[in-house]
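# when you get a sec, could you give me coordinates for this:
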Amino acid sequence: MNGSPPAPGSVPVTVVIAAHDEEAEIGDCVRSVAWAREVLVVENDSTDDTIARGRAAGATVFSHPFRSIGAQRNAAIARATQRWILVVDADERGTPALAAEVARIVSGAATAAPAERAYRAPRRNFFMGREIAHGGWERDRPVRLFEATLRYDERPVHEHVIVEGAIGTLREPLLHTPYASLDEYFEKLRRYSRWWAVQNLARGRRVRVSDLVLRPAARLFSMLVLRGGWRDGMHGVVVASLAAVSVAAKYAQLWALQLEGAGGTRGAPPDQQH
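I've put the predicted structure just below:
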């Protein structure tokens, strides 16, 4: 599937990567898309070696105050020199096959009006050394390739590219490893569940018993049974179980804040990679 590596800088596209404390990932990520004519890394408040490693791998790195992941990406898109944008997360990797497909699309768009201004990118998702092909992860197809005139909305989570008209779908996937270890998973869960709870407390949301009992059970059943997560063996069982835990954790956090009588919008934003 991967084919021969294309020449560095040969594909007329700007790759945009938003990063925060991604020293373990950023170098490999940037090198995996070295075929792009331009690679921009927008970082915020990194306390590790993200900036230096991104630059060493060949990217242009700049800092931008964090408001949301959509705002971060928009800041990078505004600096892009190419007519097309490919958004990649630090925990994702491009492939030569993806490069060839992107090259065909953007080269064709340069000579004729494109039928689509944006494309969804399938992702092959990996967890603890195994590809997760069921349970719902396989349906993950965010819009990642689009004209540089488009922008993200800037909502706090679940951001998306604002597109009018038809959206195409790439054939070649990004390779995605969202959690390198269980420690990383639980650290991200701790940050996200706290942030989610603070935001929902501010909106006046209240926790019911069903939120802590039925919602996690429904998530487990949906991923493991309805969406076939069991087909991925123990890896699939663990992924579905962790998803159920994450549902319980965010509602438990909200319940705890209600007990404390906390209010406002305190709390750090969730981890920026999806």
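
# can you give me the helices in the stretch 101-250 of the chain?
Along the stretch 101-250 of the chain, counting by DSSP state H, counting those that start in this stretch, helices occupy 182-202, 209-221, 233-260.

# and these, which one is worst for confidence?
Lowest mean pLDDT within those: helix 182-202, a mean of 90.

# buried residues, that helix. List them.
By 16 or more other CB atoms under 10 Å, the buried positions in helix 182-202 come out as 185, 188-189, 192-201. No exception for glycine: its C-beta is placed from N, CA and C like everyone else's.

# the spatially closest residue to Pro6 that is not a sequence neighbour: what's it in contact with?
Leaving aside its sequence neighbours, Pro6 sits nearest to Trp35 (CB to CB, 6 or more residues apart in numbering; 4.2 Å). Residues near Trp35 by CB atoms under 8 Å, 6 or more residues apart in numbering: Pro5, Pro6, Ala7, Pro8, Gly9, Ser10, Val11, Gly94, Pro96, Ala99.

# ok, now how distant is the closest residue to the fifth one other than its chain neighbours from Ala7?
Closest residue to Gly9 in three dimensions, ignoring its sequence neighbours and counting by CB to CB, 6+ apart: Arg37, at 5.1 Å. Note on Arg37: its distance to Ala7, by CB to CB, to the nearest Å, is 11 Å.

# more neighbours: which of these two?
Taking other CB atoms under 10 Å, Arg37 and Ala7 do not tie; Arg37 has more neighbours (17 against 10).

# is it true that that one touches Arg83?
No: counting by CB atoms under 8 Å, Arg37 does not reach Arg83; the two are 10.4 Å apart.

# number of nearby residues for the closest residue to Asp49 other than its chain neighbours?
Leaving aside its sequence neighbours, Asp49 sits nearest to Glu23 (CB to CB, 6+ apart; 4.2 Å). Applying other CB under 10 Å, we find 17 other residues in the vicinity of Glu23.

# one more: Arg93?
Arg93 has 20 neighbours, counted by other CB under 10 Å.

# test my guess that it contacts Phe126.
No: using CB under 8 Å, Arg93 makes no contact with Phe126, being 10.0 Å away.

# okay, and the common contacts of those two?
In contact with both Arg93 and Phe126: Leu175, His176, using CB under 8 Å, 6+ apart.

# follow-up on the earlier one: just send the helices of the stretch 101-250 of the chain back as TSV, with distance to Ala76 too.
Below are those laid out as TSV (distance: least, CB to CB, whole Å):
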stretch	distance to Ala76
helix 182-202	22
helix 209-221	33
helix 233-260	29
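
# wait, which of those helices is closest to Arg31?
helix 182-202 (21.1 Å; CB to CB).

# packing partners of the closest one?
Under the contact definition 3 or more CB pairs under 8 Å, 6 or more residues apart in numbering; DSSP states H and E, helix 182-202 sits against helix 233-260.
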